[in-house]
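[1] Dropping a prediction and its sequence here:
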Amino acid sequence: MTYYYLDESGEMGFDFSKKGTSNHLLITFLILKEPRQVISLVKKVFTSLLVTTKRKNNDMLHAYYEKPSTIKRMLNGLASKDVKIATMRLDKRKVLITNTPHELYTSMVVALFNRLYTDGIVNNTDDVLFIASRKNTSRKLNDDFKNNVINRTSKIKIDIEIEKPSNDKCLQAVDFVSWALWQKYEMDDETYSNIIASKIIKEYEMYK
């Protein structure tokens, strides 16, 4: 079994006149065979936080709220584990998008899986468990997402679970990876992504 954990960075808006509209949308896979190694790392990093910080973070790790030292500790830990990282980036300034946010998000996930299949990273004999963060409370939207991904990646054997990051420590870990790559693309800062550079196997651009 190979586990694919998903996180994304950026937002879906295309009105660049609005403050806060990102230039990029990024989805990231953390790929591993044995979740326990990452679960143990997340627990260790979380234990190192001050009690007040743990409460402020609702007893979970989220890169956006953490100190640089905590982020680096997590990324250095991941760099020492048997994991792989793949990402799909959309430069929103280069394309005209008519998709709904839900459709765009799904299309990027499908595109990343299919590019990994084409490049031989995943094949039709692999058993893939794909774990995504819960973005919608709507059961229908979550079911639509799962069905679309499965139907549009038909050459890959995928089972999909939708989980809350608070319930899955590997989802908390991939959040740090996605954040680090976001700094690289959106902020032109490779300080954090360089820590995990040896684990990045593919960096794709959507529609290219």
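    Done, it's in.

[2] When you work out contacts or count neighbours from here on, use the C-alpha atoms and nothing else.
    Noted.

[3] OK, contacts around Asn148?
    Thr106 (C-alpha atoms under 8 Å, 6 or more residues apart in numbering).

[4] Checking it next. Helix, strand or coil?
    helix (DSSP: H, G, I helix; E, B strand; the rest coil).

[5] how far away is it from Pro165?
    Applying C-alpha to C-alpha, to the nearest Å, the value for Asn148 to Pro165 is 22 Å.

[6] Asp189 now?
    Separation of Asp189 from Pro165 (C-alpha to C-alpha): 26 Å.

[7] do Ile196 as well
    21 Å.

[8] cool, and Arg89?
    Distance from Arg89 to Pro165, by C-alpha to C-alpha: 22 Å.

[9] the more surrounded of those two?
    Taking other C-alpha atoms under 10 Å, Arg89 and Pro165 do not tie; Arg89 has more neighbours (24 against 20).

[10] name the element that one belongs to?
    strand 83-91 (DSSP states H and E).

[11] Alpha carbons of that strand, in PDB - could you do that?
    Coordinates of each C-alpha in strand 83-91 appear next as PDB, following Å, rounded to 0.1, in the frame of the first residue of the first chain:
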ATOM      1  CA  VAL A  83       9.000   9.900   2.000                       C
ATOM      2  CA  LYS A  84       8.600  11.500  -1.400                       C
ATOM      3  CA  ILE A  85       7.000  14.800  -2.400                       C
ATOM      4  CA  ALA A  86       5.200  15.800  -5.700                       C
ATOM      5  CA  THR A  87       3.500  19.000  -6.500                       C
ATOM      6  CA  MET A  88       1.300  20.600  -9.100                       C
ATOM      7  CA  ARG A  89       1.300  24.400  -9.500                       C
ATOM      8  CA  LEU A  90      -1.100  26.700 -11.300                       C
ATOM      9  CA  ASP A  91       0.200  30.100 -12.200                       C
END
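
[12] Tell me the first helix or strand C-terminal of that strand.
    helix 101-118.

[13] circling back: which helices and strands does the strand holding Arg89 pack with?
    strand 24-32, helix 101-118, strand 200-205 (3 or more C-alpha pairs under 8 Å, 6 or more residues apart in numbering; DSSP states H and E).

[14] What angle do strand 24-32 and it make with each other?
    Per axes from the mean of the first three to the mean of the last three C-alpha atoms, to 10 degrees, the angle that strand 83-91 makes with strand 24-32 is 170 degrees.

[15] Please spell out which residues along strand 83-91 are buried.
    Val83, Lys84, Ile85, Ala86, Thr87, Met88, Arg89, Leu90, Asp91 (16 or more other C-alpha atoms under 10 Å).
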